[in-house]
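**Student:** Only the shape, not the letters, is given here:
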Ligand SMILES: [Zn+2]
């Protein structure tokens with residue numbers, strides 16, 4: 001009686017959406033962080049413009065740029081190797 005071969009699967013991670021860009025001011029003022037966050041944009045250019053404006057307005061110089069993107073985990077069968 002033939003037993004069905006177990007299907008090997010692997011989990012793959014795929015980007016499912018648009019990468020978002022956000023910046024945060026981490027300049028320390030009197031021992032605590034400024035902490036002001038930009039809006040979230042689809043392009044890094046707007047993040048850079050926001051940092052320039054915030055720096056020009058406040059004299060703050062240290063920022064943290066972040067990107068985030070939605071991802072999904074998919075289970076995909078591993079292809080059988082031919083021998
Ligand atoms: Zn600031």
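**Tutor:** Thanks, I have it. All values derive from a computational prediction rather than experimental measurement.
**Student:** The residue nearest in space to the middle of the chain bridge partners, please.
**Tutor:** For the chain, the residue nearest the mean C-alpha position is residue 68 (2.1 Å; C-alpha atoms, centre = their mean). Residue 68 forms beta bridges with residue 20, as assigned by DSSP bridges.
**Student:** quick one: pLDDT of it?
**Tutor:** On the pLDDT scale, residue 68 is placed at 93.
**Student:** quick one: residue 13 and residue 64, what's the gap?
**Tutor:** Using C-beta to C-beta, to the nearest Å, residue 13 is found at 24 Å from residue 64. C-beta: built from backbone N, CA, C; applies to glycine.
**Student:** Between these two, which has more neighbouring residues?
**Tutor:** residue 64 (12 against 9; other C-beta atoms under 10 Å).
**Student:** Now do the contacts for the more buried one.
**Tutor:** Neighbouring residues of residue 64 by C-beta atoms under 8 Å, 6 or more residues apart in numbering: 23-24, 26.
**Student:** and after the host helix or strand of it, which helix or strand comes next?
**Tutor:** Using DSSP states H and E, residue 64 maps to strand 63-68. Per DSSP H and E, the first helix or strand lying C-terminal to strand 63-68 is strand 71-77.
**Student:** That following strand pairs with which strands?
**Tutor:** strand 9-15 (antiparallel).
**Student:** Residues in contact with the strand it pairs with: which ones?
**Tutor:** So strand 9-15 is contacted by 69-78 (C-beta under 8 Å, 6+ apart).
**Student:** Nearest to the ion among these?
**Tutor:** residue 69 (25.6 Å; C-beta to the ion).
**Student:** Tell me how many other residues surround the closest residue to the closest one other than its chain neighbours.
**Tutor:** Counting by C-beta to C-beta, 6 or more residues apart in numbering, the nearest residue to residue 69 once its immediate chain neighbours are dropped is residue 19, at 4.3 Å. As a burial measure, residue 19 scores 12 neighbours (other C-beta under 10 Å).
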